[in-house]
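In: Show me how the following folds:
(chains A, B and C)
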Amino acid sequence: MNLLDIRNLSIELLSANNPILAVDRVSLTIKEGEVRGLVGESGSGKSLLAQAIIGVLDERWRVDADRFHWRGIDLMRLSIEERKAVISKDVAMIFQEPMACLDPTTTIGEQLEEAVDNEQLSGYFWQKRQQRKLAAAKLLHKVGIKNHELCTKSYPHQLTEALCQRVMIAMALAKRPLLLIADEPTAAMESTNQGQIFRLLASLNQLKNMSILLISHDLENVTHWTNTITVMYSGQFVEAGTTKHIFDQPFHPYTRALVDSSPKANSQIPVKSRLMTLPGSIPILQHLPIGCRLGPRCPRAQKACVQAPKVKNYHGHQVSCHYSLKDSY
Amino acid sequence: MSALLQVSNLSKSYETAGFWFNRKMITALDPISFEIKAHKTLAIVGETGSGKSTLAKLLVGAENPTTGKIKLNGQTLHHGNFKQRCQHIRMIFQDSGTTLNPSLTIHQLLDEPLHLNTDLNEAQRSVLIRETLQKVGLLGDHMSFYPHMFSGGQKQRISLARAIILKPQVIILDEALAALDPSLRSQMVNLLLDLQQQMGLAFILISHNLGIVRHFSDDMMVLCQGQVVEVGKTVEVLSKPEHKYTKKLIMNQRFQLLHK
Amino acid sequence: MARDKIYQEEEFPSPIMQLWVNFRQTPIVMIGFGCFLFLIILAVFAPFITPYNTIENHLDSILLPPAWHVNGDISYLLGTDNLGRDMLSRLMHGTSLTFGLSFIVVLISLVIGVIIGSFSALTKGLKSSFLNHFLDVVLSIPSLLMAIVIVAILGPGLSNTLWAIVIVLIPQFIHITRNAVKEEFAKDYVLASKLDGAGSLRILYYSIFPNIIEKIIAQATLAQSAAILDIAALGFLGLGAPIPMPEWGAMLATGIDNFYIAPWTVYLPGLAILFSVVATNLVGEGMRHALKLRKES
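Out: Numbers count the residues shown, from 1 in each chain, chains lettered A, B, ... in the order given. From the prediction side, this is the model:
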């Protein structure tokens, strides 16, 4: 069964003179135990999408969708508070720059204990304090921090970024979520630490059958650790499918350009030759192109691209393009 | 081709702040020697704390070396003599948010190095600024814009314009490509390759992304805690790493370098 | 080459223009700003436009109530005080004394504080710490008490009041400037300027000051409201302006004796002080709010 089923979600920015469609009809599905990557460069709206799923957008944004189901419950029918109650029980999120997400004035131990769920503690109220401490220590063990005493006594600035990210993951695991949304968890880290965090997420996925939505702008990083990928560009849905398909046979010109710019593809072209890129740059929110937003930069764009393309499905590989590259394979 | 930049025995150590009896000497960089030729790129790879930013600062003149000499075209470069150095070695920084002064227009920003280091008059300077902006792929009209109106990729291009406007011979890229999106990064790499061809520049690329290093550099140096662990041609170092640390680095980014 | 997307606006707002646009958006701040400008103009031109001379006594119309009162006279719009002097003229002249003097005081202490703070930020170690903290002893004593002490040493009088309050206000500018400049030095564009061969003074002037000027001005408005209150308080205590001068605090002090029979001699100067302090605070608050909005966008 699909854990999360989103169809044609749009997020509109209401404060400007004319409302801007920051995310334009994006669809996303996540099954149980799946690791899905959400790839897009800056300005693609992927963080907005994650925040809309969690429900933390303020009144400037309006979220609208044809279908927004969580485990079969239709979230668009519920009020905002009920939606938040349903989602916060089962979905957790970790962010970029973990050191900035932790409270700098309290120790890690106190913050972890705060995150521990009240319902999982049993016993009389005077026993709860001790159980909370035990639960916090267990969470730290789950993320691979063996000596929890040192960790619980320190403040966030005394730990490294990778360790802080593990603490964030521990806090996210406190409620035993079914879905963990990781919004660029390793953007601020070196490569050795990135590998550690990704291995941790992969092991959590396998051991606890927890689905993960991994948001990143780095296609090559994501392809190693995910089962399926969704690609977004400038707020629009571009392509979705299994990682193998997307990397070996990208149907959309944008995905093809992303794949070509990754080092794996470049290892075959001679050193110090020009890389294949799309000309131009990402459009800014105030001046979005009409129709397919890749239009001005796409090498295969023609007149029909002024209209937004519909999503076509080829055996589970979805692509949204008028002139997809499917026929060239 | 003779060497453009020769570094011999360059090292940096400093005392920690503290009371008189409590000060320790910390070696940020052990003595290091290397050479760079024109049209070539040297990549310096290492984790944080390995001394690569110290090396960048020493080369560009922001800090005083404890020992060692830097020679450019046979001439020794002295610390503190910025005017002599900035015509030959320039640097591009990482965080494009703080590389450009938010209160100055691009024209004023690019005018400053010209004003301080050349004898051109106003009109000639404007013409040179316009040409430089076009070389990096921006329009001449961008001169009157302020930095907050540009995107991250464009800000890095302006940084590059500021670096090449004095027609230097060596440019140091201090993690300049790390914060960019992949497509912008590729555009920037293409631009840098073009400029290297046209102007005969030598690049020193400081990065921890081995994919870019593999594509962009001729020689490679691996630093670990201030010491040179491995040095050689990029192709050889990446295919046959000898030191343990290099092997670990490559393992962590293995999926970037293998082709399926 | 590449077809980059550029701004398609016609004007190119500099950061200062952006600040002004944000500032303009709150109506109450604009009202405060208008009042502030009105007070400045009044302070400059008051000696020329007062209807009567401020120290001239009209002994036949002593303690006349303001014009809207039953016994009031339209030729003395806001009434007269116990010596027959016209309240309106005295209040207007008082603007140039209390308000104008506070402006000058803040300006002088700003300049001195910024110079010392910049030197403190440019040097390192003991010299820097000394410059930063040697006036902190002034900060530890309440400002009014400090001003009284200095005036007690130097003797009463308007110019001595000025110096007393200047000394009291300097330390905050030193700290703000030093912290702001130190923060700016850590940024890459200052390093780039240094590498281009710019001297320290040139870096300060071109690269650093444009970026910290707004913080300093926000602090200056805070300092000005404190200065207005200090000048008025010193005048009330008799330590500031000498008696015939129409400084608002001094007017309050003389009016207190006649409070029950002629309340307007007390509440009119009091309202004037309130008005100027509120206007200054609105401008300062508006500026801080505009700075915050600009940083967020």
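
In: Not including adjacent chain positions, what is the nearest residue to B:Gln225?
Out: B:Ser50 (5.9 Å; C-beta to C-beta, 6 or more residues apart in numbering or on different chains). Quick note: C-beta positions are derived from backbone N, CA and C, even for glycine.

In: Actually, A:Gly144.
Out: A:Leu200 (6.1 Å).

In: Give the ranges of residues in the stretch 101-250 of chain A that sit below the confidence cut-off.
Out: Applying pLDDT under 70 to the stretch 101-250 of chain A picks out residues A:120-121.

In: now the strands for it?
Out: Using DSSP state E, counting those that start in this stretch, the strands found in the stretch 101-250 of chain A span residues A:179-183, A:211-216, A:228-233, A:236-242.

In: any idea how far the residue most central in space within chain A is from chain B?
Out: Per C-alpha atoms, centre = their mean, the C-alpha nearest to the average position across chain A is that of A:Ile215, at 2.9 Å. The gap separating A:Ile215 from chain B is 14 Å, by C-beta to the nearest C-beta, to the nearest Å.

In: Test my guess that that residue contacts A:Ala50.
Out: Yes. A:Ile215 is within contact range of A:Ala50, at 5.9 Å (criterion: C-beta atoms under 8 Å).

In: if we can go back for a sec, got the contact list for the residue nearest to the centre of chain A?
Out: Counting by C-beta atoms under 8 Å, 6 or more residues apart in numbering or on different chains, A:Ile215 touches A:Gly37, A:Leu38, A:Lys46, A:Ser47, A:Ala50, A:Ile181, A:Ala182, A:Asp183, A:Glu184.

In: ok, of those residues, which one's closest to A:Thr105?
Out: A:Asp183 (24.0 Å; C-beta to C-beta).

In: Show me what from chain B comes close to chain A.
Out: B:41, B:47-48, B:151-154, B:181-187, B:189-190, B:193, B:208-212, B:214-216, B:218, B:234-235, B:248-249, B:252-253, B:255-260 (C-beta under 8 Å from any C-beta of the partner chain).

In: Which of those are buried? Put it as a ChimeraX command.
Out: The ChimeraX selection below is limited to those of the residues of chain B next to chain A classed as buried (16 or more other C-beta atoms under 10 Å in any protein chain shown):
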select /B:41,47,151,152,153,154,181,182,183,184,185,186,187,189,190,193,208,209,210,211,212,214,215,216,218,234,249,252,253,255,256,257
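
In: Mark which of the residues of chain B next to chain A are part of helices, please.
Out: Among the residues of chain B next to chain A, DSSP state H puts B:152-154, B:182-187, B:189-190, B:193, B:210-212, B:214-216, B:234-235, B:248-249, B:252, B:255-257 in helices.

In: State the distance from C:Met245 to C:Lys215.
Out: From C:Met245 over to C:Lys215 the distance is 35 Å, taken as C-beta to C-beta, to the nearest Å.

In: need the strands for the stretch 1-150 of chain B, in chain order.
Out: In the stretch 1-150 of chain B, the segments counted as strands under DSSP E, counting those that start in this stretch are B:5-15, B:25-36, B:41-45, B:67-72, B:75-76, B:89-92.

In: In a markdown table: those, plus mean pLDDT.
Out: As requested, those are exported to a markdown table (pLDDT from 0 to 100):
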| stretch | mean pLDDT |
| --- | --- |
| strand B:5-15 | 82 |
| strand B:25-36 | 82 |
| strand B:41-45 | 88 |
| strand B:67-72 | 83 |
| strand B:75-76 | 80 |
| strand B:89-92 | 87 |
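
In: what would those look like in a markdown table with distance to chain C?
Out: Output for the strands of the stretch 1-150 of chain B, formatted as a markdown table (distance: least, C-beta to the nearest C-beta, whole Å):
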| stretch | distance to chain C |
| --- | --- |
| strand B:5-15 | 13 |
| strand B:25-36 | 17 |
| strand B:41-45 | 19 |
| strand B:67-72 | 14 |
| strand B:75-76 | 17 |
| strand B:89-92 | 7 |
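
In: With respect to C:Val168, which of those strands lies nearest?
Out: Of the strands of the stretch 1-150 of chain B, nearest to C:Val168 by C-beta to C-beta is strand B:5-15, at 40.1 Å.

In: what residues does the closest one touch?
Out: Applying C-beta under 8 Å, 6+ apart, the contact partners of strand B:5-15 are B:23-36, B:51, B:54-55, B:58-59, B:63, B:65-72, B:89, B:169-170, B:202.

In: which among those end up buried?
Out: Buried residues within the contacts of strand B:5-15, counting neighbours by 16+ other C-beta under 10 Å: B:27-32, B:34-36, B:51, B:54-55, B:58-59, B:63, B:65-66, B:68, B:70, B:72, B:89, B:169-170, B:202.

In: so C:Phe185 makes contact with C:Ala121?
Out: Yes. Counting by C-beta under 8 Å, C:Ala121 is a contact partner of C:Phe185 at 7.0 Å.

In: From the neighbour counts alone, determine which of the two ranks first.
Out: Neighbours per residue (other C-beta atoms under 10 Å in any protein chain shown) separate C:Phe185 from C:Ala121, with C:Ala121 holding more: 23 against 16.

In: Tell me which residue in chain B sits closest to chain C.
Out: Chain B approaches chain C most closely through B:Ser103 (3.6 Å), counting by C-beta to the nearest C-beta.

In: Then chain A?
Out: For chain A, C-beta to the nearest C-beta, closest residue to chain C: A:Gly280, 4.7 Å.

In: which SSE is that residue in?
Out: Of the helices and strands defined by DSSP states H and E, none includes A:Gly280.

In: now do C:Ile217
Out: Assigned by DSSP H and E, C:Ile217 falls within helix C:209-236.

In: Next SSE downstream of that helix?
Out: helix C:248-256.

In: Next, the buried residues of that next one.
Out: For helix C:248-256, burial by neighbour count (16+ other C-beta under 10 Å) applies to C:Trp248, C:Gly249, C:Ala250, C:Met251, C:Leu252, C:Ala253, C:Thr254, C:Gly255.

In: which secondary structure elements does it contact?
Out: On a contact count with 3 or more C-beta pairs under 8 Å, 6 or more residues apart in numbering or on different chains; DSSP states H and E, helix C:248-256 meets helix C:87-94, helix C:209-236, helix C:264-296.

In: So which of those has the densest surroundings on average?
Out: Per residue and on average, the most neighbours among the helices and strands packed on helix C:248-256 fall to helix C:87-94, with a mean of 24 (mean count of other C-beta atoms under 10 Å in any protein chain shown).

In: Downstream of that helix, the next helix or strand is which one?
Out: Past helix C:87-94, the next helix or strand by DSSP H and E is helix C:100-122.

In: Whether that next one contacts chain B - can you check?
Out: No. Helix C:100-122 lies out of reach of chain B by C-beta under 8 Å from any C-beta, never closer than 15.9 Å.

In: what about the spatially closest residue to C:Met92 that is not a sequence neighbour, distance to chain A?
Out: Excluding its sequence neighbours, the residue lying closest to C:Met92 (C-beta to C-beta, 6+ apart) is C:Ala46, at 4.5 Å. Distance of C:Ala46 to chain A, given as C-beta to the nearest C-beta: 45 Å.

In: any idea whether C:Ala46 is helix, strand or coil?
Out: The three-state label given to C:Ala46 by DSSP: H, G, I helix; E, B strand; the rest coil is helix.

In: ok, it touching C:Ser96?
Out: Yes. With contact defined as C-beta under 8 Å, C:Ala46 reaches C:Ser96; the gap is 4.6 Å.

In: Surely C:Glu214 and C:Leu291 touch.
Out: Yes. Using C-beta under 8 Å, C:Glu214 is in contact with C:Leu291, at 5.5 Å.

In: Overlap in contacts, these two.
Out: C:Leu19.

In: For the residue nearest to A:Gly195 when sequence neighbours are not counted, give me its contacts.
Out: Nearest non-adjacent residue to A:Gly195, counting by C-beta to C-beta, 6+ apart: B:Asn252, 4.5 Å away. Counting by C-beta under 8 Å, 6+ apart, B:Asn252 touches A:Ser191, A:Thr192, A:Gln194, A:Gly195.
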